[in-house]
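> Sequence first, predicted model second:
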Amino acid sequence: MRSASRQPGSRLKTPATPVWVSCCCGHYGVLFNSNRELLRNYHAEKRFELHYYTCAGCYISMTVDNRQQEDGADDGDGDGERKQSDMVSTPLERLIHTKWMEAKLTYHGPLPASLNF
């Protein structure tokens, strides 16, 4: 098998539909949004809902907010405090940040204990 055939396709981070199959710390899951405009319209990526289901039956709904990227200015809270609050705490968050690097994630409901891996 040629190594070139093992390279990820051009649609890895920008698929035709907003559905991503993931493997995060050995846990397989699906991240998705039902709005196809999410991938066609830059403005749709400013703030949107993202759903995550795992093979183990866990479900998480979250809001991904990219609006603070546009603000760009420091709000005067101090760099140390701001960096501490922006730290990514779970592998799932790090995974999401590979697509939306500066996004703020807000979970709807409690984070299942099985996802605190």
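Received the coordinates, thanks.
> For the closest residue to residue 15 other than its chain neighbours, identify the helix or strand it belongs to.
Among residues not flanking residue 15 along the chain, residue 39 sits closest, at 7.0 Å (CB to CB, 6 or more residues apart in numbering). Glycine gets a C-beta too; all of them are placed from N, C-alpha and C. Assessed by DSSP states H and E, residue 39 sits inside helix 37-40.
> Buried residues in that helix, which are they?
38-39 (16 or more other CB atoms under 10 Å).
> For it, output the C-alpha coordinates as PDB.
The C-alpha coordinates for helix 37-40 follow below in PDB (Å, rounded to 0.1, in the frame of the first residue of the first chain):
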ATOM      1  CA  GLU A  37     -24.600  26.700   6.200                       C
ATOM      2  CA  LEU A  38     -22.000  26.200   8.900                       C
ATOM      3  CA  LEU A  39     -19.500  25.100   6.200                       C
ATOM      4  CA  ARG A  40     -20.600  27.500   3.500                       C
END
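> Following that helix in sequence, what is the next regular element?
According to DSSP H and E, the helix or strand after helix 37-40 is strand 47-54.
> Mind pulling up the pLDDT for residue 61?
Residue 61 carries a pLDDT score of 95 in this model.
> Please work out how many residues are found near it.
12 (other CB atoms under 10 Å).
> need the contact list for the residue nearest to residue 15.
Going by CB atoms under 8 Å, 6 or more residues apart in numbering, residue 39 touches 14-18.
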